[in-house]
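In: Fold the following, please.
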Amino acid sequence: MRLIFASNNQHKIEELKAFCGKVSDSYRIEIVSLKDAGIDIDIPEPHDTLEENASEKSWTIYKLTGNDCFSEDTGLEIEALNGEPGVKSARYAGETRSFKDNIEKVLNKLANETNRNARFRAVISLIFGGNETQFEGICNGKIIDTPQGTEGFGYDPIFIPDGSNQSFAEMSIEEKNRFNHRTKAAAKLVAFLQNMKTNSTN
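Out: Residues are numbered from 1 along each chain as shown. Model prediction:
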């Protein structure tokens, strides 16, 4: 199975390649980045929900190539901030998309807050055979006071998932994928495709 991943984010590409390459011995999904597919575009994310943004990106690539593809949009949703930064996670501190500035803004807003509950929520939009199906993955955790670790990207240095005492930025890709919202959504995508394959051979 070969799927174009409608993303220019190398970190996300590496995470999903690491996950999908180990799904099973009998069924593997080859993840093809936009760069490897020879597509040089930056797809806008103009909508107010993760679902709409994911759909925008996958349909853009499907209409451009005619190939089966998928996209993903993720938001960090912080309980004490009424779900912020949410769909605006990448641009929370401005259009420069600075991870450092985004983290500083979150920590400043939570400076006097004892409720540190948060979750990462990912939505994958799959276009397969011209039809769209969406899959959601959620990772619950907490925001810490001080960034920890140098791995990962985005808000990883200030997010500790439930069940761990390490931030995402202190984990290898393999360790992070045990908790990762993105790989939870990807697991549902893989199960869907495996089911489609099984049904088509019966």
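In: rest of the way, CA atoms for contacts and neighbours
Out: Will do.
In: quick one, phi psi at residue 193?
Out: Residue 193 adopts backbone torsions of phi -70, psi -40, taken as degrees, to the nearest 10.
In: Neighbours of it, how many?
Out: For residue 193, the count of nearby residues is 17 (other C-alpha atoms under 10 Å).
In: again, but for residue 199
Out: Applying other C-alpha under 10 Å, I find that residue 199 has 9 neighbouring residues.
In: Okay, and it sits in which element?
Out: helix 181-201 (DSSP states H and E).
In: And for residue 140?
Out: Residue 140 belongs to strand 131-143 when elements are defined using DSSP H and E.
In: Could you do residue 72 as well?
Out: Using DSSP H and E, residue 72 falls within strand 69-78.
In: Adjacent strands (with direction) for that strand?
Out: strand 2-5 (parallel), strand 85-86 (antiparallel), strand 117-128 (antiparallel) (DSSP bridges).
In: what comes into contact with the last one?
Out: With C-alpha atoms under 8 Å, 6 or more residues apart in numbering as the test, strand 117-128 has contacts from 50-51, 54-55, 58-59, 62, 68-80, 132-143, 181-182, 185-186, 189.
In: Please spell out the PyMOL selection for the buried subset of those residues.
Out: A single PyMOL command selects the buried members of the contacts of strand 117-128 (16 or more other C-alpha atoms under 10 Å):
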select buried, resi 50+51+54+55+58+59+62+68+69+70+71+72+73+74+75+76+77+78+134+135+136+137+138+139+140+141+142+143+181+182+185+186+189
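In: Contacts only, for residue 168.
Out: The contact partners of residue 168, taken as C-alpha under 8 Å, 6+ apart, are 149, 151-152, 156-161, 176.
In: tell me the two of these that are most distant?
Out: Largest separation among the contacts of residue 168 by C-alpha to C-alpha: 151 and 161, giving 14.9 Å.
In: So the two - more neighbours on which side?
Out: Remark: of residue 151 and residue 161, residue 161 carries more neighbours, 22 against 16, as counted by other C-alpha under 10 Å.
In: Need the per-residue pLDDT for the more buried one.
Out: Residue 161 is assigned a pLDDT of 98 by the prediction.
In: Bridge partners for it, pull those for me.
Out: Per DSSP bridges, the residues bridged to residue 161 are residue 141.
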